[in-house]
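# Let's see this in three dimensions:
(one chain, ligands or ions: 1)
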Amino acid sequence: MPGAGVHLAGAGPGHLVRMAGVLDDAEVARVLVITAHPDDVDFGAAGTIARWTDAGIEVTYCVVTYGDAGGYDEDFPRADVPALRRAEQVAAAKCVGVHDVRFLGYPDGRVEATLDLRRDLARVIRQVRPDRLVCPSPERNYAAIGVSHPDHRAVGSAALDAVYPDARNPFAFPELRDREGLAAWKVREVWISGSPMPTHFVDVTGTFGRKIAALRAHVSQTGHMDDLEERIRTRLSRAAQTAGLPEGRLAESFQVLETP
Ligand SMILES: [Zn+2]
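Residues are numbered from 1 along each chain as shown. Down below sits the predicted model:
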């Protein structure tokens, strides 16, 4: 299909090799997206998410914080920020066909990859039973400081630990099984968003407008950005170029891990 994903792997720029290894979307019934803050998924992956929901895949968002340290308006009452950002993320999700948005309520700016967070993420994985999981990178990306927010790295680390071993090992966090009746679940594939080593590129030219609408739904974060669309277009054009897509195409990038 034109505009499908391009998979690349290799030693670095100039040494890219096409390879198979990404699940066919037709084999994917459910996707769970784990992020640190409201708006992370929209900056990193909303164009891809729109393609998935268009294809009939059920997508759930799990946002670890309410983004209560976010915003730019110093006169806005801080106590009202969590509810506002929660509502913004729910509205943004609708723009790309996502209607199940869950929040864990951890404090924004102070997330650590604790056992509690791993258990809470393993719980959501066992509840949603996704074939594919999207999460932030636990690694620092020196080329993009904003992508490497400490909360993103902590959530990425805890999410990968929740995929393996916590969610799939019935004896990890036994209370999930014994008290909550949640059976072990094996996620087949993980897509890391914001990775310093992307291996997979999704052509999102056709869903770019909905990605921008989703980003615009985060009024407290993007309301002041007159150049938002241009900024995002430039970033996605660069990714499309790296993927070898034709001029004028836009792409989102991921590092895809098989986790069978
Ligand atoms: Zn963030």
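# Counting by contacts, list what the host helix or strand of Phe103 packs against.
Element membership for Phe103 (DSSP states H and E) is strand 100-106. With contacts taken as 3 or more Cβ pairs under 8 Å, 6 or more residues apart in numbering; DSSP states H and E, strand 100-106 sits against strand 58-65, helix 81-95, helix 115-128. Quick note: C-beta positions are derived from backbone N, CA and C, even for glycine.
# Can you give the strand pairings for that strand, parallel or anti for each?
Strand 100-106 has its sheet partners listed here by DSSP bridges as strand 58-65 (parallel).
# The ion is nearest to which of the helices and strands packed on strand 100-106?
strand 58-65 (8.6 Å; Cβ to the ion).
# quick one: that closest one near the ion?
No - for strand 58-65, no contact with the ion is found by Cβ under 5 Å from the ion; the gap never falls below 8.6 Å.
# wait, isn't Arg153 in contact with Pro138?
Yes - between Arg153 and Pro138 there is a contact at 5.2 Å, judged by Cβ atoms under 8 Å.
# which of those two has more neighbours?
Set Arg153 next to Pro138 and count neighbours by other Cβ atoms under 10 Å: Arg153 wins out with 22 against 19.
# follow-up on the earlier one: make CSV from the helices and strands packed on strand 100-106 and add mean pLDDT and mean neighbour count to it.
Below are the helices and strands packed on strand 100-106 laid out as CSV (pLDDT from 0 to 100; neighbours: other Cβ atoms under 10 Å):
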stretch, mean pLDDT, mean neighbour count
strand 58-65, 98, 24
helix 81-95, 97, 20
helix 115-128, 98, 20
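# just so I know, which of these lies nearest His218?
Nearest of the helices and strands packed on strand 100-106 to His218, taken as Cβ to Cβ: helix 81-95 at 4.7 Å.
# distance between that closest one and the chain's centre?
Relative to its chain's centre, helix 81-95 lies at 15 Å (Cα atoms, centre = their mean, to the nearest Å).
# can you count the residues close to the closest residue to Pro260 other than its chain neighbours?
Spatial nearest neighbour of Pro260, excluding adjacent residues (Cβ to Cβ, 6 or more residues apart in numbering): Arg188 at 5.9 Å. Neighbour count of Arg188, defined by other Cβ under 10 Å: 15.
# Can you check the pLDDT for Arg188?
At Arg188, the model reports a pLDDT of 97.
# Ok, Val204 next?
In this prediction Val204 is given a pLDDT of 98.
# My guess is it contacts Gly47. True?
Yes - counting by Cβ under 8 Å, Val204 sits close enough to Gly47 to count as a contact (2.8 Å).
# what touches both of those two?
Here Val204 and Gly47 share the contacting residues 211, 236, 250, 252, scored by Cβ atoms under 8 Å, 6 or more residues apart in numbering.
# With secondary structure and pLDDT as extra columns, can I get those residues in TSV?
As requested, these are exported to TSV (DSSP: H, G, I helix; E, B strand; the rest coil; pLDDT from 0 to 100):
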residue	secondary structure	pLDDT
Lys211	helix	98
Leu236	helix	98
Leu250	coil	98
Glu252	strand	98
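# Quickly note the distance from the residue nearest to Pro260 to the ion.
26 Å (Cβ to the ion, to the nearest Å).
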